[in-house]
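Asks: give me coordinates for this.
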Amino acid sequence: MVFSLDISEVNISLFRFVNDLGKEYPFLNPTFIFIAEYMVFLLALSVLFIWFTRDTDNRIMILCASIAFICAFTIGKVSGVFHSNYQPFVELTDVNKLIQKEKDNSFPSDHTILFFSYCFSFWLFKRGWSILWVLLAVLVGVSRIWVGVHYPLDVLTGILISLAAATLIYFIFPKLSVTQSTIKIYEKYENKLLLLFKKTMGNKSKNS
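Replies: Residues are numbered from 1 along each chain as shown. Predicted coordinates:
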């Protein structure tokens with residue numbers, strides 16, 4: 001009971017520390033609002049861009065990252081059944097709430113699970129400069145605390161779930177024949193569609 005109370009106190013103290021930075025440095029708030037709310041669109045565009053480079057290794061990476069996200073998201077929802085808490089702006093006073101959010105269970109952070117599932121997977125496959133993806137995921141996690149919608153424990157749990165899922169998928173799925181087969185089947189039909197598109201465009205050019 002004492003241990004549980006101590007964790008709760010540390011969780012709130014860390015939340016206050018990060019969230020209050022928005023009061024001390026308000027000029028940074030627009031940046032963190034953008035990261036918390038809209039960086040997900042950058043991730044989505046990046047995933048599509050990497051996929052359509054038409055590099056098989058890149059596609060295996062995206063496929064594994066997507067599977068890791070589905071697994072981590074599912075585990076997150078199950079863990080939310082056993083433990084739940086409302087967002088800090090619901091439970092605490094004087095929270096620097098910077099984005100609109102409905103009252104809901106905030107444990108664990110879905111945004112953190114999404115970003116770490118993909119970004120950590122990118123690093124596992126590419127290493128090197130791909131560590132920047134992990135740093136971006138960290139920024140997203142911090143931003144969710146900064147804008148007042150998640151506790152540090154929500155974010156930390158999302159990170160741990162995602163790291164475990166991404167690592168497990170990385171060591172298992174690329175070696176499976178079904179993974180290679182799935183990519184080959186997709187690429188086969190993709191090539192057929194591209195040929196059909198080229199023929200259609202070619203016929204239109206001749207007729208015009």
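Asks: could you report the neighbour count for the residue nearest to Ser117 when sequence neighbours are not counted?
Replies: Leaving aside its sequence neighbours, Ser117 sits nearest to Phe69 (Cβ to Cβ, 6 or more residues apart in numbering; 3.7 Å). Every C-beta, even on glycine, is put in place using the N, C-alpha and C of the backbone. Counted with other Cβ atoms under 10 Å, residues neighbouring Phe69 total 21.
Asks: could you list every residue that touches Ile75?
Replies: Ile75 sits next to Ile161, Ala165 when contact means Cβ atoms under 8 Å, 6 or more residues apart in numbering.
Asks: give me the pLDDT for it.
Replies: At Ile75, the pLDDT value in this model is 97.
Asks: which element is it on?
Replies: helix 56-82 (DSSP states H and E).
Asks: all strands for this structure, in order.
Replies: Read by DSSP state E, the chain holds no strands at all.
Asks: how close does Asp6 sit to Leu194?
Replies: 59 Å (Cβ to Cβ, to the nearest Å).
Asks: please apply the same query to Ile12.
Replies: Distance, Ile12 to Leu194, by Cβ to Cβ: 55 Å.
Asks: neighbour-wise, which of the two wins?
Replies: Set Ile12 next to Leu194 and count neighbours by other Cβ under 10 Å: Ile12 wins out with 16 against 11.
Asks: which non-adjacent residue is nearest that one?
Replies: According to Cβ to Cβ, 6+ apart, the nearest residue to Ile12 is Leu92 (7.0 Å).
Asks: how about the helices in the chain?
Replies: 2-24, 29-51, 56-82, 88-91, 110-126, 131-146, 152-172, 177-207 (DSSP state H).
Asks: list the buried residues for the second one?
Replies: Neighbour-count burial for helix 29-51, counted by 16 or more other Cβ atoms under 10 Å, picks out Asn29, Phe32, Ile33, Ile35, Ala36, Glu37, Met39, Leu43, Ser46, Val47, Ile50, Trp51.
Asks: list the contacts of Tyr170.
Replies: With Cβ under 8 Å, 6+ apart, Tyr170 has these contacts: Cys64, Ala68, Ser121, Leu124, Phe125.
Asks: can you tell me which two in the residues you listed are farthest apart?
Replies: Among the contacts of Tyr170, the pair separated by the greatest distance (Cβ to Cβ) is Ala68 and Phe125, at 11.1 Å.
Asks: what about those two, which has more around it?
Replies: Neighbour count, other Cβ under 10 Å: between Ala68 and Phe125, Ala68 has more, with 28 against 18.
Asks: give me the distance between that one and Val10.
Replies: On the measure of Cβ to Cβ, Ala68 and Val10 end up 29 Å apart.
Asks: name the nearest residue to Ile183, ignoring sequence neighbours.
Replies: That would be Arg59: by Cβ to Cβ, 6+ apart, it lies 5.3 Å from Ile183.
Asks: per-residue confidence for that neighbour?
Replies: Per the predicted model, pLDDT is 94 at Arg59.
Asks: what about it, how many neighbours?
Replies: Neighbours around Arg59, by other Cβ under 10 Å: 19.
Asks: and for Pro26?
Replies: Using other Cβ under 10 Å as the criterion, the residues surrounding Pro26 number 11.
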